[in-house]
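**Student:** Quick one, what's the 3D model for this:
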Amino acid sequence: MIKSLLTAAAAAGAIALIGAPAAGAVTNAEADYLKDLSGAGIAGDQAALVADGWTICKALTGGANPNDLSQTYFTNSGSISHAQADAAVNFAKTDLCPAG
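**Tutor:** Next up, the predicted model:
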């Protein structure tokens, strides 16, 4: 199961590279997530970044290890540091995931 979730995270990362279509209005939680990512030096297509965040939440809810998700995010992004990948997972957890 975790492998399929990580595959989903990889797919979401790939969407960020090709540019996802603009989604509907950004929620307050998503705006907070994007602000936190920006503060950590992570930039890109906002819709794709939000999709990545929700994918992280789904993976965490499914029992994925945050460290494994961070490593996958780092590997698939090709443009962020390990620390930024850790931050992205933590921001998703605190800003987006229902359990916080």
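
**Student:** Any stretches of the protein with poor pLDDT?
**Tutor:** Along the chain, segments meeting pLDDT under 70 span 1-24, 99-100.

**Student:** redo that, cut-off 80
**Tutor:** By pLDDT under 80, the weakly predicted segments of the chain are 1-25, 99-100.

**Student:** how about the helices in the chain?
**Tutor:** 2-18, 28-39, 46-61, 66-77, 82-91 (DSSP state H).

**Student:** in the third one, what counts as buried?
**Tutor:** Using 16 or more other C-beta atoms under 10 Å as the burial criterion, the residues of helix 46-61 that qualify are 46-53, 55-60. C-beta here means a position set from N, CA and C on the backbone, and glycine is covered the same way.

**Student:** likewise the second one?
**Tutor:** Buried residues in helix 28-39, counted by 16+ other C-beta under 10 Å: Ala29, Glu30, Tyr33, Leu34, Asp36, Leu37.

**Student:** Output the helices of the chain as CSV; include the columns distance to Cys97.
**Tutor:** CSV is the format used below for the helices of the chain (distance: least, C-beta to C-beta, whole Å):
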stretch, distance to Cys97
helix 2-18, 14
helix 28-39, 9
helix 46-61, 4
helix 66-77, 11
helix 82-91, 10
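
**Student:** quick one: which of the buried residues of helix 46-61 is nearest to Phe91?
**Tutor:** The nearest member of the buried residues of helix 46-61 to Phe91, counting by C-beta to C-beta, is Gly53 at 7.2 Å.

**Student:** Could you tell me which residues make contact with that closest one?
**Tutor:** By C-beta atoms under 8 Å, 6 or more residues apart in numbering, the residues touching Gly53 are Glu30, Tyr33, Ala88, Phe91, Ala92, Asp95, Leu96.

**Student:** quick one: contacts for the third one?
**Tutor:** Translated: Ala88. If you count contacts by C-beta under 8 Å, 6+ apart, Ala88 has them with Leu37, Ala40, Ile42, Asp52, Gly53, Ile56, Ser70, Tyr73, Ile80.

**Student:** Pretty sure the first one sits against Val50.
**Tutor:** No. Using C-beta atoms under 8 Å, Leu37 is not in contact with Val50; the gap is 9.4 Å.

**Student:** ok, how many other residues are close to Val89?
**Tutor:** Around Val89 there are 27 other residues, counting by other C-beta atoms under 10 Å.
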